[in-house]
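Peer 1: please work out how this folds:
(chains A and B)
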Number of protein chains: 2
Amino acid sequence: MTNSVTKGQTMLGIQSIASYLPKGRVDNLEQADRFETDREFVEQKIGVTTLPRFEAEDSVVSASIAAFKSLCEKVSVDPADIECVVLCTQNPDNGGLPHNSALVHAELGLSEDCACFDIGLGCSGYVYGLSVVQAFMAANGMKKGLLFTCDPYSRILNPEDKNTCLLFGDAASVTLISDSPRYTLSSAKFSTKGAGSEALQKNSNLLEMNGRAVFNFALQDVPKQIKRVLESAELKMEDVDLFLLHQGSRFMLENTIKRAGIPAEKAPIKLAETGNTVSSSIPLLLEKELDSSPGTILMSGFGVGLSWATAIYTQVK
Amino acid sequence: MTNSVTKGQTMLGIQSIASYLPKGRVDNLEQADRFETDREFVEQKIGVTTLPRFEAEDSVVSASIAAFKSLCEKVSVDPADIECVVLCTQNPDNGGLPHNSALVHAELGLSEDCACFDIGLGCSGYVYGLSVVQAFMAANGMKKGLLFTCDPYSRILNPEDKNTCLLFGDAASVTLISDSPRYTLSSAKFSTKGAGSEALQKNSNLLEMNGRAVFNFALQDVPKQIKRVLESAELKMEDVDLFLLHQGSRFMLENTIKRAGIPAEKAPIKLAETGNTVSSSIPLLLEKELDSSPGTILMSGFGVGLSWATAIYTQVK
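Peer 2: Numbering: from 1, shown residues only, chains lettered A, B, ... in the order given. Now for the predicted structure:
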């Protein structure tokens, strides 16, 4: 079934993925008018016309459960088989106590023999989370697990700050990690520049973002990491079928893609209807792109921390 | 050097451990008077006479850095060698954005080639964290990493709630995970009962605890998991030299130890000067007990989630 798995070792990877966008919508062009910002700038540079937003009834847990229901329409999942639930967020329900993965565990009625923990990471969270979950499951002999992402930045947006209000959308995703994978991890790198963390931080429960610093970071550091991961996987740019970069903003994406030397047609930019959904941006893309069954996928997430992570996943033949 | 490692695979484990108690102190017997609670109950049942407490200048990051400085007095650590930093907390600085591990990364001046993420877990966090860090590091070929715990409950104590004010203390710990381990993981189990999570939760940024529910959970579920882990490691109770149970309260510990059939002399109860320090309680104990070089150690953490985790570590000969 595979060509690179050690004998006797269970191979874990991505079996399926699903997502959820809350029903609430913000018209970003109307927002542009309110902020006296050029509509063309919002459409062309930020690249976002509609932002999904949590409403009063939405929560990290309810959005995660909705994503799970969507997963169950694609693939058969017996809750009794789930041995691990990991949820990535920096804006949890209940202030993160209990960990929101435990609340999801309760809602789904999972077995007591199920490990649950939350991961605190931003835009690099999905690439990290996949590696953490797979490694933890493999080390503990687990065969089926769920990785959730849900980071509702609407909870911390300063309503007077157009830079963030025009950018961030709310979403959730769930990825089924199992011993019947469609894609397995080939190589990954994880980097941190804590000294730059002030570029994206919560202060008195409001998000502060230095857009210029984040842009410079993405352009300077992400292409380098992509090259290093390709080298460690002994692959060339042309061997990769699909590049899934964190959907920060259209302008940042276009420039990062160009700087990295990635062919534009291999790197989708699809944030017009979602905005920047933090750790959910790569899974939202991945869900859409899996229909075309790409052979080799490179994912790169970057942002809060500053943190950046790049991984290559290959299709199981 | 070892007897159970797969050829060619690097063996990771616990090399060293250090901790930090903030300078602030609450006299728990004076607190008892204020709450009109019997001093004998506080000394004998809760088992806590002094509580270390964060003062204005303390933070998750500063306490973690102080623990790291203490580590450096025990063992030579070159910051340039650290490839992974994981911090376990549910009461982070900056509302957890950025992840506090990135802030620690900045303070320690670590390399950019360092993975950083936070784990959201309570009293089971250290047992989980060790397994997560070791698995993630091994999967990614990393050789030196740091696991921090720091969960200052003083930030969320309701000053009118004697049940929690008399119980929780603030502390931090750091464990050096490396390829020169003194102890390696032999077997572990992780369990969750999300449906019981209301027994310990944050509500409007204040801790709510149902002490009776937590007590019943510890007595009912922890001994069962300890037995299962011993069975999976093919060990008997008498093969274990040291049982490090989460230091929830003296009364809960005494009863859990008795119910599990653990010889009392092998299960230290040492919370008089610290209180319940959440995910730091087991590392605080471990640091003290390592001086006697126990051959086989069983650790069991239980609480918020409800979540419980038990692991057996054996000395590298």
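Peer 1: mind giving me the domain split of chain A?
Peer 2: With automatic domain parsing as the criterion, the domains of chain A are listed as A:13-181, A:184-315.
Peer 1: quick one: which of these is nearest residue B:271?
Peer 2: Shortest distance between residue B:271 and those, using C-beta to C-beta, is found for domain A:13-181: 20.6 Å. Where you see a C-beta, it was placed from the backbone N, CA and C, and this is true even at glycine.
Peer 1: before we move on, the earlier item: could the domains of chain A go into TSV alongside mean neighbour count, mean pLDDT and distance to chain B?
Peer 2: Listed next are these as TSV, based on neighbours: other C-beta atoms under 10 Å in any protein chain shown; pLDDT from 0 to 100; distance: least, C-beta to the nearest C-beta, whole Å:
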stretch	mean neighbour count	mean pLDDT	distance to chain B
domain A:13-181	22	97	3
domain A:184-315	20	97	3
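Peer 1: out of the ones you listed, flag the one nearest residue B:88.
Peer 2: Minimum separation from residue B:88 across the domains of chain A (C-beta to C-beta) falls at domain A:13-181, 8.9 Å.
Peer 1: and the closest one, how far from the chain's centre?
Peer 2: Centroid separation between domain A:13-181 and its chain, computed with C-alpha atoms, centre = their mean, to the nearest Å, is 8 Å.
Peer 1: got the end-to-end distance for it?
Peer 2: End-to-end distance for domain A:13-181, by C-alpha to C-alpha, to the nearest Å: 5 Å.
Peer 1: residues contacting residue A:239?
Peer 2: A:230, A:296 (C-beta atoms under 8 Å, 6 or more residues apart in numbering or on different chains).
Peer 1: what's the answer for residue A:16, then?
Peer 2: A:71, A:74, A:75, A:175, A:176, A:182.
Peer 1: can you add secondary structure and give those residues back as JSON lines?
Peer 2: JSON lines is the format used below for these (DSSP: H, G, I helix; E, B strand; the rest coil):
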{"residue": "A:71", "secondary structure": "helix"}
{"residue": "A:74", "secondary structure": "helix"}
{"residue": "A:75", "secondary structure": "coil"}
{"residue": "A:175", "secondary structure": "strand"}
{"residue": "A:176", "secondary structure": "strand"}
{"residue": "A:182", "secondary structure": "coil"}
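Peer 1: looking at it, residue A:271 is touching residue A:48, isn't it?
Peer 2: Yes: taking contacts as C-beta atoms under 8 Å, residue A:271 lies within contact range of residue A:48: 5.7 Å.
Peer 1: need the residues touching each of the two.
Peer 2: Shared contacts of residue A:271 and residue A:48, defined by C-beta under 8 Å, 6+ apart, comprise A:169, A:249, A:250.
Peer 1: give the contact list for the first one.
Peer 2: In other words, residue A:169. Taking C-beta under 8 Å, 6+ apart as the test, what residue A:169 contacts is A:21, A:48, A:51, A:52, A:53, A:153, A:271, A:274, A:275, A:276, A:277.
Peer 1: so which of the residues you listed is the closest to residue A:115?
Peer 2: The closest of the contacts of residue A:169, once distances to residue A:115 are taken by C-beta to C-beta, is residue A:277, at 26.0 Å.
Peer 1: show me the contacts for that closest one.
Peer 2: When contacts are counted by C-beta under 8 Å, 6+ apart, residue A:277 touches A:52, A:151, A:168, A:169, A:170, A:171, A:247, A:284.
Peer 1: quick one: it from residue A:248, how far?
Peer 2: Separation of residue A:277 from residue A:248 (C-beta to C-beta, to the nearest Å) stands at 10 Å.
Peer 1: again with residue A:117
Peer 2: 27 Å.
Peer 1: and for residue A:275?
Peer 2: Residue A:275 is 10 Å from residue A:248, by C-beta to C-beta.
Peer 1: can you check residue A:132 too?
Peer 2: Taking C-beta to C-beta, one finds residue A:132 at 22 Å from residue A:248.
Peer 1: same check on residue A:200?
Peer 2: 10 Å.
Peer 1: what do the two both touch?
Peer 2: The overlap between the contact sets of residue A:200 and residue A:248 (C-beta under 8 Å, 6+ apart) consists of A:214, A:303.
Peer 1: fine, thanks again, bye for now.
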